[in-house]
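Visitor: Need the 3D shape of this:
(one chain, ligands or ions: 1)
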Amino acid sequence: MIDTPSEAPPLIGVDALGVRFGDQAVLRDVSIDVPRGQTLAVIGESGCGKTVLLKTLIGLIQPTHGAVTFDGQRLSSHSDRELTQVRTRFGFVFQSAALFDSMTIADNVAFPLREHRRIDREEAYGIARDRLIEVGLRPDVMTKKPAELSGGMRKRVGLARALVMDPEVLLYDEPTTGLDPIMSDVINELILRTRNAHGVTSIVVTHDMTSAKKLADRIVMLYPLARLDDGQPQMIFDGTPKQIDRSDDPRVSQFVRGEAGDRISEIAEKSGQKGTRSGE
Ligand SMILES: Nc1ncnc2c1ncn2[C@@H]1O[C@H](COP(=O)(O)OP(=O)(O)OP(=O)(O)O)[C@@H](O)[C@H]1O
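Guide: Next comes the predicted model:
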């Protein structure tokens, strides 16, 4: 359900965005407005540019065309210092949790506070502790190192670290990848709870359709440019979780249902074999 009034000014604006690396175009003419408070899922097959899009939203990658705006201001108009300031309004939850192996969990979670806020270690640990409890971890994890935790626990630590700065926007890159279905659902519930408790705007990049449907008000699907002709839109779906199940675009319905379609025969052709379909 999209419950944010469409006339509300977007917190994040992506306008005719294009990104290329040398000869390789990764994003072309992508436009997405994300109103404050909305949860947007970005789906699409591997290599279609989802992570590049996330990085462009926070100025880690510069657009080749078009613009990104945050809270009404173009990122490209910011100095490096202003951009660093803008980034403190975002929290990132990376696929790998991206924790520092040599640091304790307490130091990992307190790290953004120690970097960006002039607060002492004890106060930072107190905030870290509260956030760890909020994501369902016991405070005794604080003295452990990341290697001593399970993958699901590390993801929760990553979420706790993203929350310590009270972000307005949370960006999640594949938050459930590599987790069993139960732990995936725990993470999904935490994402929902975080949204409700903090009113954050969220963008979730995921391959996991269960997560996308559970979490998102709105889903956009990107398609790899290498599979498109010039001029064909890269954003092949923009709608609600209910609508995606009714999409009559076979590229969308194949992805939603996890069907290989003609990819099996493509792979066979590439490897010089006769095209066969699974089950034949
Ligand atoms: N800094 C970079 N320099 C050059 N090419 C890059 C860079 N970052 C990404 N790419 C290329 O851009 C394309 C899209 O990458 P991206 O990581 O955004 O895909 P994705 O949709 O997130 O894939 P996945 O689902 O596998 O994570 C890939 O071909 C990748 O190699």
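Visitor: secondary structure element for F92?
Guide: strand 90-93 (DSSP states H and E).
Visitor: got the buried residues for the helix or strand that that strand is followed by?
Guide: Next in sequence after strand 90-93, counting helices and strands by DSSP H and E, comes helix 105-116. Within helix 105-116, the residues that count as buried by 16 or more other C-beta atoms under 10 Å are I105, A106, D107, N108, V109, A110, F111, P112, L113, R114. From N, CA and C alone the C-beta is placed, and that goes for glycine too.
Visitor: average pLDDT for helix 105-116?
Guide: When pLDDT is averaged over helix 105-116, the result is 90.
Visitor: Taking helix 105-116 as reference, get the angle to the helix or strand just after it.
Guide: Counting by DSSP H and E, the element after helix 105-116 in chain order, helix or strand, is helix 121-134. Angle of helix 121-134 versus helix 105-116, following axes from the mean of the first three to the mean of the last three C-alpha atoms, to 10 degrees, is 120 degrees.
Visitor: What is helix 121-134 packed up against?
Guide: In terms of contacts (3 or more C-beta pairs under 8 Å, 6 or more residues apart in numbering; DSSP states H and E), helix 121-134 is packed against helix 105-116, helix 151-163.
Visitor: May I see the ones you listed arranged in CSV, with distance to A25 as well?
Guide: Listed next are the helices and strands packed on helix 121-134 as CSV, based on distance: least, C-beta to C-beta, whole Å:
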stretch, distance to A25
helix 105-116, 34
helix 151-163, 30
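Visitor: mind checking which of those helices is nearest the ligand?
Guide: Smallest distance to the ligand across these (C-beta to the nearest ligand atom): 15.9 Å, for helix 151-163.
Visitor: is the ligand contacted by the helix or strand just after the closest one?
Guide: Following helix 151-163 in sequence order, the next helix or strand is strand 169-173 (DSSP H and E). No. Strand 169-173 stays clear of the ligand (C-beta under 6 Å from any ligand atom), getting no nearer than 7.5 Å.
Visitor: Note down every partner strand of strand 169-173 and its orientation.
Guide: Partners of strand 169-173 in the sheet, by DSSP bridges, are strand 90-93 (parallel), strand 201-205 (parallel).
Visitor: in the stretch 151-280 of the chain, which segments are predicted with low confidence?
Guide: 263, 267-280 (pLDDT under 70).
Visitor: returning to what we had before: now narrow the buried residues of helix 105-116 to whatever sits close to the ligand.
Guide: By C-beta under 6 Å from any ligand atom, no member of the buried residues of helix 105-116 lies near the ligand.
Visitor: Spell out which parts of the stretch 101-250 of the chain neighbour the ligand.
Guide: The stretch 101-250 of the chain comes close to the ligand at no residue, as judged by C-beta under 6 Å from any ligand atom.
Visitor: In CSV: the buried residues of helix 105-116, plus distance to V86.
Guide: Listed next are those as CSV, based on distance: C-beta to C-beta, whole Å:
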residue, distance to V86
I105, 27
A106, 27
D107, 25
N108, 23
V109, 22
A110, 22
F111, 19
P112, 14
L113, 18
R114, 20
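Visitor: Could you dump the strands paired with strand 169-173 into TSV and include mean neighbour count?
Guide: Below are those laid out as TSV (neighbours: other C-beta atoms under 10 Å):
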stretch	mean neighbour count
strand 90-93	23
strand 201-205	24
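Visitor: Quick one: closest of those to A41.
Guide: Nearest to A41, of all the strands paired with strand 169-173, is strand 201-205, at 4.8 Å by C-beta to C-beta.
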